[in-house]
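>>> The amino acid sequence is not available; the structure is as follows:
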């Protein structure tokens, strides 16, 4: 029999608001769709709904940019208040050019606009602009979601929190794991011999990012908004894991 | 009903040798596994078996490195003959340091060792070292495979040829589309409004790379070597497409 991996879009998750119990919303959606959880399942969740549930919304009119943010905003031609938020969420600036502000996020990874999202955040209102920051600690959010789902469903799936990033060298966004629990972010294959007995060269696989990209195939294309996908049939080492494992340490990053 | 995407490992594809008819091997494996092809299927194939079928094997003892290759080899501490092959396959060097040689491949993308593979290539022989180059023109290989499968099976799946690359900023390899036919490499979502009517920000999705990473979840983990995976249930625009679409033009690459 063929080995098979199924990605199942979880339908019926409502629009999420600050303070919502995300585990409960997902559990109810799973039940309504007659989907039960298995311990070998991986639940991939769009970072956006995690951020919303955690109330990571910011009204730009509350932000008062520093002169530094103003200067950077002139170069990248962005709203100085947004630039201020990006700087607040970042360790250092990586690249600036018109239309583009790339930083090393406080969580360690490098991405545009510190992952701050101004689409799908809420209905446009006169004179207000609300943006959405990434979760404060997405690895902890993933871990919490895993524990709460176990409490509700009796079974703890692995959880991967997925964001959509652009990349150096390549066009088009892909899925990136910014939080993970119950599965390795980085899967170590070192020492495993190839089929002719030589040690394998590609020694570490970005498992969390593979899961994130696979889930992104469904996030984007369904008729309704699909913010969560169940991956069924994946074999992986069960350990606490984290997405932090996937961040290349700054001193090993030749493209910083 | 939930929308679902299935990834099916195609079992029973034998070790591939130069001159083998890859379309025929895959078609026979599909038939033996009682899998039929649908026009909306995406066939993801590991670049390694495409390269092997195309005879892209090189015996390093046939390579005579130039002084330039020798100098680079000293810095990156690699076999000068391998370095020569990497340079021959590349447009320019991007980064060199001990253990690492990153170039812009003649196909446009940036990767380590020009994608040249020295694992799983063949049994080790005394004094010989055979390495495997990437396919000469993987977009053309994908297109050929698609046409030949249509001839054999009566149905043409989209084809994505997958390689495994490391990345700037992040640890762990992921799947990368180096060839594509019958589906967009890059999926343009510009102008499509979000659920509140604002234009979407992430406008271009790296569809070929998402497919490549999803397939890589199965390539790596099966009991037997799985060099081909069928993706069933993906909605995508049917057009000729290419993986070349995914290459960020050099003048737009801030990390070259």
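Ah, there it is. Since the model is a prediction, treat every value here as computed from it, not as a measurement. Residues are numbered from 1 along each chain as shown, chains lettered A, B, ... in the order given.
>>> which stretches of the stretch 151-256 of chain A aren't confidently modelled?
For the stretch 151-256 of chain A, applying pLDDT under 70 flags the ranges A:190-202, A:220-224.
>>> What helix or strand is residue A:159 located in?
Residue A:159 is located in strand A:158-165, with elements delineated by DSSP states H and E.
>>> could you say what helices and strands that strand packs with?
strand A:42-46, helix A:47-53, strand A:110-112, helix A:138-153, strand A:174-181, helix A:207-219 (3 or more C-beta pairs under 8 Å, 6 or more residues apart in numbering or on different chains; DSSP states H and E). Where you see a C-beta, it was placed from the backbone N, CA and C, and this is true even at glycine.
>>> would you list these in CSV and tack on mean neighbour count and distance to chain B?
Below are those laid out as CSV (neighbours: other C-beta atoms under 10 Å in any protein chain shown; distance: least, C-beta to the nearest C-beta, whole Å):
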stretch, mean neighbour count, distance to chain B
strand A:42-46, 26, 10
helix A:47-53, 25, 11
strand A:110-112, 23, 4
helix A:138-153, 20, 15
strand A:174-181, 30, 5
helix A:207-219, 30, 4
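>>> possible to save the ones you listed as CSV with distance to residue B:215?
Below are the helices and strands packed on strand A:158-165 laid out as CSV (distance: least, C-beta to C-beta, whole Å):
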stretch, distance to residue B:215
strand A:42-46, 16
helix A:47-53, 24
strand A:110-112, 24
helix A:138-153, 24
strand A:174-181, 14
helix A:207-219, 9
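>>> what residue lies at the spatial centre of chain A?
residue A:162 (2.7 Å; C-alpha atoms, centre = their mean).
>>> Give the full set of residues in contact with residue A:212.
A:44, A:160, A:162, A:163, A:174, A:175, A:176, A:177 (C-beta atoms under 8 Å, 6 or more residues apart in numbering or on different chains).
>>> Return the distance of it relative to residue A:39.
Distance, residue A:212 to residue A:39, using C-beta to C-beta, to the nearest Å: 20 Å.
>>> Equivalent analysis for residue A:176, please.
In terms of C-beta to C-beta, residue A:176 sits 25 Å off from residue A:39.
>>> Also residue A:140?
Counting by C-beta to C-beta - residue A:140 and residue A:39 are separated by 21 Å.
>>> Residue A:136 is in contact with residue A:179, correct?
No - the criterion here is C-beta atoms under 8 Å, and residue A:179 misses it with residue A:136 at 10.6 Å.
>>> Next, count neighbours for the nearest residue to residue A:32 once chain neighbours are set aside.
Distance criterion C-beta to C-beta, 6 or more residues apart in numbering or on different chains; nearest residue to residue A:32, sequence neighbours excluded, is residue A:12 at 5.3 Å. Neighbour count for residue A:12, taken as other C-beta atoms under 10 Å in any protein chain shown: 14.
>>> I'd assumed residue A:29 was in contact with residue A:12.
Yes - contact criterion C-beta under 8 Å: residue A:12 and residue A:29 qualify, at 4.6 Å.
>>> Residue A:73 touches residue A:65, doesn't it?
Yes - judged on C-beta under 8 Å, residue A:73 makes contact with residue A:65 at a distance of 7.0 Å.
>>> Name all residues that sit in contact with these two at the same time.
A:80, A:83.
>>> Walking through chain A, point out its helices one by one.
Using DSSP state H, the helices found in chain A span residues A:22-32, A:47-53, A:67-76, A:80-88, A:138-153, A:207-219.
>>> Redo those as JSON lines? Include distance to residue B:149.
As requested, those are arranged in JSON lines below (distance: least, C-beta to C-beta, whole Å):
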{"stretch": "helix A:22-32", "distance to residue B:149": "37"}
{"stretch": "helix A:47-53", "distance to residue B:149": "38"}
{"stretch": "helix A:67-76", "distance to residue B:149": "47"}
{"stretch": "helix A:80-88", "distance to residue B:149": "47"}
{"stretch": "helix A:138-153", "distance to residue B:149": "40"}
{"stretch": "helix A:207-219", "distance to residue B:149": "22"}
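>>> of those helices, which approaches residue B:16 most closely?
helix A:207-219 (23.9 Å; C-beta to C-beta).
>>> Direction-wise, compare that closest one with helix B:207-219 and give the angle.
Taking axes from the mean of the first three to the mean of the last three C-alpha atoms, to 10 degrees, one finds helix A:207-219 and helix B:207-219 inclined to each other by 130 degrees.
>>> that older thread, skip the chain neighbours and tell me the closest residue to the residue nearest to the centre of chain A.
residue A:212 (4.2 Å).
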